[in-house]
Structures are given as C-alpha cells and as structure tokens.
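# how would this look folded up:
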Amino acid sequence: MPPSGAHRLASIYGTEADKVNCSFYSKIGACRHGDRCSRKHTKPAFSQTILVSNVYQNPRHADPNCTISDADLQAQFDTFYEDFFCELAKYGDLIEMHVCDNVGDHLIGNVYARYEWEEHAQRAVNGLNDRWYNKLPLFAELSPVTDFREACCRQNETNECNRGGFCNFMHLRYPSPALLKELQHQLAVELRERKRNPQAYAPPAGNSQGGAAAAAGGGGGSGGGGGWKERLALEQGEEFGRGGSDWRSAPGSGADWRSGGGSGGDWRNGGGEAAAAGYEGGADRRSASPVRR
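Now for the predicted structure:
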C-alpha cells in the first residue's frame, strides 16, 4: 500500500525535500533569511531546548586587527562559558550548553541549552527575557533543535569547512576540557541532591523566575542559597571563585550577573524587583564576560 499524503508529509518534515517548512530552521533553530525566508519557520510550543541569540562576542570577530593570543581567547571564553552555564543551571536540570562561533548574523554568539524537562526550558525563556547581559537585553526562545550532531558542521569538526564562519551550520566553540569536566561533575552532584531532597529544590508556584533560582539554590529571594556551585563550595567550607573571594561579597566587575535597576554591563532583571523575581538581590557573580561592542 502506498503511503498516505499525511504520512509522506510527516516523513519529509524539516528536510530539504519539504517545500513548506525551512530545513535550516528545523535543524538549527536559525535561518540566514530570517523573516524573509520563503519557507515556514514553525516555532515550537514546547521544547527542551532554548536559544539565547547573539550573546557571546568573540573579540576577533569584532575587530579584524585583534591581537589577542589563543590562550587569552580561550581563557576569556572559559569565563563566559562558566558564567552562562552556572546561571542557566539555576532554571532547571541542564543537560548541555553550546556556543556558536559563526559570524553570520543569525548564528553569531548564539547560546543553545537543552534541559531535561520542557517546563525547565520554558522557565528559562521566561526568566531570561526579563534580563540583560553586558548592557544589552537578552532574547531567549524555545528552539526546535533536538540533535546537535545534525545541527553542527561536520566539515568544521575536521577543519575542512570552506565556508568558514559564514557557514549556515553550527561552528561551536568549546570550553577547556578541565572546565567542562568540572562543571559536569558538580552539576551531577547537584542533580543527585535534587533527587535525594526534591522538596528543597521545588520552585514556588506561580513564579517562573523565582522558581528558576529556587530550583538550583534551594530557595528564592535575595537571601537564598545561590546556585549549585556556590552552595556546594559553602558546604565544603571553601570560598567560591577562582579569585578566592565569595561571589556574594566580591566587588562588582561591571560585567557580572546582577538583579535590580541602574546602568552598567551586568546581568539584571528588567523590572528591577529582585525579591519578587527570586534572584540574588544585587549579589555579584564573579565571572566577567567579553564586552559586547
């Protein structure tokens, strides 16, 4: 029996054979044509994956004459990656996070994060869209990406891509292996603690942003326990941060996560009501990210 029309449409959905839906948007969550694309960009109503657009700024992309060394560039990226990873982990069970190093407008600096549960992804979108990073508002949305292996450029993985940064598939920038191992290990510790004591991590009902902080910090409000890394460090009697000072008492760097109003280059809630949102009320994060130009 030949396949029905509905079965055929389902089998080609999001592929190059689909003349209605954009295959690039389905695979990558972004398309170089944007709203002018001749094919549909169907935004998911539910997804485990979120996209935060144009966040990471590679200084070599901003300035062709940039003389930053490879080691300094990697250290700068590691700082950004750790800062963003730690903050996204507050919204729920974070599985993976990836950062694009493409230079095309639709992919440059994009951060993708996949959570274990769709509710956690939606909570992250709701919370991030009320926040700023390095003087610019964040734009987060649910993404249709489900398989990052399909979204990434295979030729780039073997240094054979001739399109360079303008490739329409993801060219990812990776954190240092030691940093990634540390983050994954400590996140695994946190997830075990959540399963052991779910009541301590349950987000309060009716407050998606407060739930985000509470889910990882054990409670909302400015006096909460902070994120999973902060609390783990405190339980071990250690000061948090490579700089040797606890993040809640460290002086502001001008480019860290923060709640409240005012100007500057730090993370902020759009409305500035830190207590209502459930974030650390004005508590500085230790990681300073690259300046957005």
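
# So which helix or strand of this structure has the lowest pLDDT on average?
Every helix and strand of the chain was ranked by mean pLDDT, DSSP states H and E. The lowest is helix 274-277, at a mean of 34.

# Let me see the ranges of the strands in the stretch 101-250 of the chain.
111-115, 131-133, 136-137, 140-143, 172-173 (DSSP state E, counting those that start in this stretch).

# Would you mind telling me which of these is nearest P59?
When those are compared by Cβ to Cβ, strand 172-173 sits nearest P59, at 12.3 Å. All C-beta spots, glycine's among them, are computed from the backbone N, C-alpha and C.

# Okay, now the sheet partners of the closest one, with direction.
Paired with strand 172-173 in the same sheet, following DSSP bridges, are strand 94-100 (antiparallel).

# so the partner strand versus strand 111-115, what angle?
170 degrees (axes from the mean of the first three to the mean of the last three Cα atoms, to 10 degrees).

# from now on call the first residue 3
OK, 3 is where the count begins now, so the last one is strand 96-102.

# Please state the mean pLDDT value computed over strand 96-102.
Per-residue pLDDT values over strand 96-102 give a mean of 95.

# If we go by neighbour counts, what in it is buried?
L96, I97, M99, H100, V101, C102 (16 or more other Cβ atoms under 10 Å).

# Between the residues you listed, which sits nearest A32?
Of all these, C102 has the smallest distance to A32: 8.7 Å, by Cβ to Cβ.

# Do I have it right that the closest one meets H108?
No - using Cβ atoms under 8 Å as the test, C102 is too far from H108 to be in contact (9.6 Å).

# Would you mind listing where the stretch 3-152 of the chain has pLDDT under the threshold?
Applying pLDDT under 70 to the stretch 3-152 of the chain flags residues 3-21.

# which stretches of it form helices?
For the stretch 3-152 of the chain, the helices defined by DSSP state H, counting those that start in this stretch cover 7-14, 25-30, 61-64, 72-90, 120-130, 150-153.
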